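Enquirer: 3D, please:
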Amino acid sequence: MKKLAVVAFGGNALLRSGQKGTIEEQEANVFESCTHLFELVKNDYNIVIGHGNGPQVGNVMLQHSAGEKMYGIPAQPLDICVAETQGSIGYMIQQQMKNVLNKKGYQRDVLALITRVYVDKNDPAFQNPTKPVGPYYTKEEAERFMVNSNAKFAEDSRGRGWRKAVASPSPLHIDNVETIKMMADNGVIVITVGGGGIPVYSLDENTVEGIDAVIDKDSASSKLATEIKADEFYILTDIPKVFIHFNTPEQKALDIVTVSEAEKYLAEGHFAEGSMAPKMRAAVRFIKNGGKKCIITESSQLQVPDAGTQIVRD
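Expert: Numbers count the residues shown, from 1 in each chain. Model (predicted):
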């Protein structure tokens, strides 16, 4: 039996610091990430890919806002913006993954799915927006936006500026999860829960509605990995390992971390919200719910034995 892995692409797999976000930049980044991901394909894994959309969904929201102000085109709600980016980013990953496979002489079908993820409309997250989206602003720019609108902005933990914060409820269930598993078990590389999934809730027994939110992609990918009974869960980010005492003289890289140790570090505040904290929580949830191994690292490290930070059972 082939191993089944869920791989969550971080933002740097799509758009990197200092880049404008042109299609050429994004396609080159995705091609590079997919080239590294080929290491798992070569080792006979079945793969499901999740991905973020923080910069892209924020940019789409700005485009909608500008279109409304300049041309009277109605701006669309956040769930529609998530759906837009899920489709466009899914297409980019599908295209570049297929290009990599073709260059390597491998035949695998690659399919991007528009995926809804159910949330609780009464989730406390709606009262405390924390998920950063869109471009970085100066403190002065963010303060002006907050004065002139109901938006909330938060400072980036790594000092890159201020970003708009939106609600990020917990994922309850991944739509069509049985179909996702069936395709993955048959060798299809499935791209799903893009941007954390399109957030929806059950209005009543027969009606589903979208809701303004952006679900954390690591949390959604962890939920997906549990629901399809994945063997392994990879969270790809822009650093090779997880650190405690990050950016201090006591900084220390973590190699193997038990669930108890991870929970202790989280409680001690070693990991920033909007950065490493949700990744560590996603890893812990996956292992607690039956997963065998979770690795947090950058995509280039997939070719290195024992790379990254591995979260394991106690």
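Enquirer: Now Ala282. Its backbone dihedrals?
Expert: Summarising the backbone geometry of Ala282 under the convention degrees, to the nearest 10, its torsions are phi -60, psi -40.
Enquirer: For it, the count of nearby residues, please.
Expert: Applying other C-beta atoms under 10 Å, we find 24 other residues in the vicinity of Ala282. For glycine as for every other residue, the C-beta is placed from the backbone atoms N, C-alpha and C.
Enquirer: Buried ones in the helix or strand hosting Arg281, by neighbour count?
Expert: Take DSSP states H and E as the rule and Arg281 turns out to sit in helix 276-288. Of the residues in helix 276-288, those buried by neighbour count under the rule 16 or more other C-beta atoms under 10 Å are 276-287.
Enquirer: name the helices or strands packed onto the following helix or strand past that helix?
Expert: Toward the C-terminal end, the helix or strand that comes next after helix 276-288 (DSSP H and E) is strand 293-298. Under the contact criterion of 3 or more C-beta pairs under 8 Å, 6 or more residues apart in numbering; DSSP states H and E, strand 293-298 touches strand 232-237, helix 276-288, strand 309-312.
Enquirer: can you give me the angle strand 293-298 makes with strand 232-237?
Expert: Taking axes from the mean of the first three to the mean of the last three C-alpha atoms, to 10 degrees, one finds that strand 293-298 is oriented at 20 degrees with respect to strand 232-237.
Enquirer: Quickly run through the sheet partners of strand 293-298, with directions.
Expert: Taking DSSP bridges as the criterion, strand 293-298 pairs within the sheet with strand 232-237 (parallel), strand 309-312 (antiparallel).
Enquirer: sorry, back to before: to the chain's geometric centre, what's the distance from the helix holding Arg281?
Expert: 13 Å (C-alpha atoms, centre = their mean, to the nearest Å).
Enquirer: Give me the contacts around that helix.
Expert: For helix 276-288, contacts defined as C-beta atoms under 8 Å, 6 or more residues apart in numbering pick out 8, 216, 218-219, 221-223, 225-226, 230, 233, 235, 237, 242, 246, 259, 262-263, 265-266, 271, 293-294, 296, 311-313.
Enquirer: Repeat that for stretch 65-74.
Expert: With contacts defined as C-beta under 8 Å, 6+ apart, stretch 65-74 is touched by 64, 75.
Enquirer: sorry, back to before: tell me the angle of the helix holding Arg281 relative to strand 293-298?
Expert: Between helix 276-288 and strand 293-298, the angle formed by their directions is 160 degrees, by the same axes, to 10 degrees.
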